[in-house]
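> what shape does this take:
(one chain, ligands or ions: 2)
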Amino acid sequence: MTNYFKNNIFWQKYLVTRIKREKKYGHKSIVIWFTGLSGSGKSSIANYLEKILFENDIHTCLLDGDNIRSGLCSDLSFQKLDREENIRRIGEVSKIMLEAGMIILVSVISPYRYQRNMISNILGKKNFLEIFVNTPIDICKDRDPKKLYAKAHAGVISDFTGINDVYEIPERPNLLLDGTDSLKKNSKKLIKILYDNNIISFNKID
Ligand SMILES: Nc1ncnc2c1ncn2[C@@H]1O[C@H](COP(=O)(O)OS(=O)(=O)O)[C@@H](OP(=O)(O)O)[C@H]1O
Ligand SMILES: Nc1ncnc2c1ncn2[C@@H]1O[C@H](COP(=O)(O)OP(=O)(O)O)[C@@H](O)[C@H]1O
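Ligands and ions are numbered 1, 2, ... in the order given. Down below sits the predicted model:
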């Protein structure tokens, strides 16, 4: 708040509030933040879950690292401080979408614990579910759909997460998913956690 006043900027209240939107949409808003190695299955799970939510009339938006880095964050590298800025921007966009009453699915490596804590601070702990997609790196390397692990091993890519850059495992995620389980099994767990947190009112998928 102090920063706003320091820069002569004043927060403007909106007439259409998050609470009004949630009431109209029939569900709460929240950010579901998928973290994990490249190739762990973040995008696949997020996409599968979003389709289920969408088909059940939930207002959703999916922010995927590759896509965000093609536009909003195309100026950023994979060095630590640029990853921080990437995460900060995605956090701020998510915060805007929370006010728009949506369920936001974010699929980004977000390898640093302090950066994930920053998200929790931007959004507020109760607005954020940290989902750790836990897949052994050897399986990620075998999958390697974009041939990025091969490039990192060949020395073509530097700062590659898990090879020549860190991935700090979440200590207390809201949910740990086994990234080798089926998309359906993992989505069921996610639907359950949304239901248990009173975000959505259904707890079944076909
Ligand atoms: N050096 C390096 N390290 C990790 N990933 C790399 C790198 N270079 C390119 N890519 C591709 O970028 C995707 C990860 O972007 P993110 O925005 O999710 O990364 S981060 O959260 O800022 O760490 C990542 O997507 P996923 O494979 O879906 O995780 C890669 O496609
Ligand atoms: N549960 C799974 N079982 C087998 N393969 C999977 C599974 N989840 C994802 N994959 C495959 O692994 C690769 C990486 O998945 P992706 O969702 O793109 O991971 P990430 O977004 O974490 O980089 C893709 O080729 C995808 O089809």
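> and the helix ranked longest in the chain, what's buried?
Identified as the longest helix of the chain according to DSSP state H is helix 80-99. Using 16 or more other Cβ atoms under 10 Å as the test for burial, helix 80-99 gives Arg83, Glu84, Glu85, Asn86, Ile87, Ile90, Gly91, Val93, Ser94, Lys95, Met97, Leu98. Bear in mind the C-beta positions are built from the backbone N, C-alpha and C, glycine included.
> one more: stretch 180-188?
Asp181, Leu183, Asn186, Ser187, Lys188.
> after the helix or strand of the chain with the lowest mean pLDDT, which helix or strand is next?
Using mean pLDDT, DSSP states H and E, helix 2-6 stands out as the lowest-scoring helix or strand of the chain, at a mean of 58. For helix 2-6, the following helix or strand on the C-terminal side (DSSP states H and E) is helix 18-25.
> pLDDT below threshold where in the protein?
Within the chain, the ranges that satisfy pLDDT under 70 run 1-6.
> residues in it within reach of ligand 2, list them.
Within the chain, the positions near ligand 2 by Cβ under 6 Å from any ligand atom are 36, 38-44, 107, 143, 145, 179-183.
> mind checking which of those land in helices?
Those of the residues of the chain next to ligand 2 mapping onto helices are Lys42, Ser43, Ser44, Arg143, Leu183, per DSSP H.
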